[in-house]
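Peer 1: missing the sequence, but the structure's below:
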């Protein structure tokens, strides 16, 4: 999945940032003629969780096109999708290496090449780098990368206004820059709340982007959830469930969380049991993810009046939580493990 999240830019292009084009229903962005076939296959691998095949494909593409940013960016995107889906961080060095290669190669090419797709790939790569700098609390680094990322999206749209995939980056920027975060309090306290504009832009990229529709769907589901539009999130997530068979872990996770939020405990329990069955014996482990699944299963059991089973599950989850090494795991997309652990502890106490 191609997570294109940009931080705070310093300058704005009025058309690219503030407006959504008026286009015909069904109109899509143009293809990247150089990489379209390989990219389409690679995205199919990623969204069906055939990550090793995607890595092999983009590795071969790097050998054929060593001086183009696209293969490096999509390799980074594959690693990011793989790690975030299963919540481990093993490939973070490889992700960062490929992101840096995409930026360096793209910046060098753009000195003598006016291809707008170069701006797109470099902008998206800066968005990635800004995202993991943000996660490491490197506020200034995230700020500068956001400025460069959004600037490249603007340049791409200035050259070819129908590269609608850029609106995923634009919309993510608009939404998350004014969502709650320490970064906003430190750097961006003066900014207007443009979250609804961001939601509209991400929606636009779903409807009209060439390569970002699936990832934009996942991004919009999380943003809807964060914004409190739970019905919209549930409706879109049920569409995402149908993207592939079996459904992706991110789609299942959001189905479980949305079901729990709305009190549909039977659906929540079956969904988190399904996730747990898929991740328990996976070769790259996330203890925190397993603990969270067990917590929600325990909550569902309690809601169904199965208090002894709920207590046993909560006890098991608390014991397993002691094995978690946060340095090798990633957080879920809507809250953090410490919050889940507090809820789990409170649940356990209530059942004793």
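Peer 2: Received, thanks. Keep in mind that what you see is a predicted model, and the values were worked out from it rather than measured.
Peer 1: For residue 27, give me its contacts.
Peer 2: 162, 208 (CB atoms under 8 Å, 6 or more residues apart in numbering). Every residue, glycine included, has its C-beta placed from N, CA and C.
Peer 1: if we go to 10 Å?
Peer 2: 21, 162, 164, 207-208 (CB atoms under 10 Å, 6 or more residues apart in numbering).
Peer 1: care to break the chain down by domain?
Peer 2: The chain resolves into domains spanning 14-227, 249-351 when parsed by automatic domain parsing.
Peer 1: circling back: from the contacts of residue 27, which is closest to residue 227?
Peer 2: Nearest to residue 227 among the contacts of residue 27: residue 207, at 18.9 Å, using CB to CB.
Peer 1: got the buried residues for the helix or strand the closest one falls within?
Peer 2: Taking DSSP states H and E as the criterion, residue 207 maps to helix 195-208. Of the residues in helix 195-208, 195, 197-206, 208 count as buried by neighbour count, 16 or more other CB atoms under 10 Å.
Peer 1: got CSV for those, with distance to residue 31 and pLDDT too?
Peer 2: As requested, those are exported to CSV (distance: CB to CB, whole Å; pLDDT from 0 to 100):
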residue, distance to residue 31, pLDDT
195, 31, 89
197, 27, 91
198, 26, 90
199, 27, 96
200, 25, 96
201, 21, 93
202, 21, 95
203, 22, 97
204, 18, 97
205, 16, 96
206, 17, 97
208, 13, 97
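Peer 1: between these, which is nearest residue 341?
Peer 2: Once CB to CB is applied, the member of the buried residues of helix 195-208 that ends up nearest residue 341 is residue 195, at 28.6 Å.
Peer 1: Now that closest one. Nearest residue, chain neighbours left out?
Peer 2: Excluding its sequence neighbours, the residue lying closest to residue 195 (CB to CB, 6 or more residues apart in numbering) is residue 175, at 4.9 Å.
Peer 1: Please, which helix or strand holds the one you found?
Peer 2: Going by DSSP H and E, residue 175 is in helix 166-177.
Peer 1: picking up where we left off before, identify, out of the domains of the chain, the most deeply packed stretch.
Peer 2: Most buried of the domains of the chain by mean neighbour count (mean count of other CB atoms under 10 Å) is domain 14-227; its value is a mean of 20.
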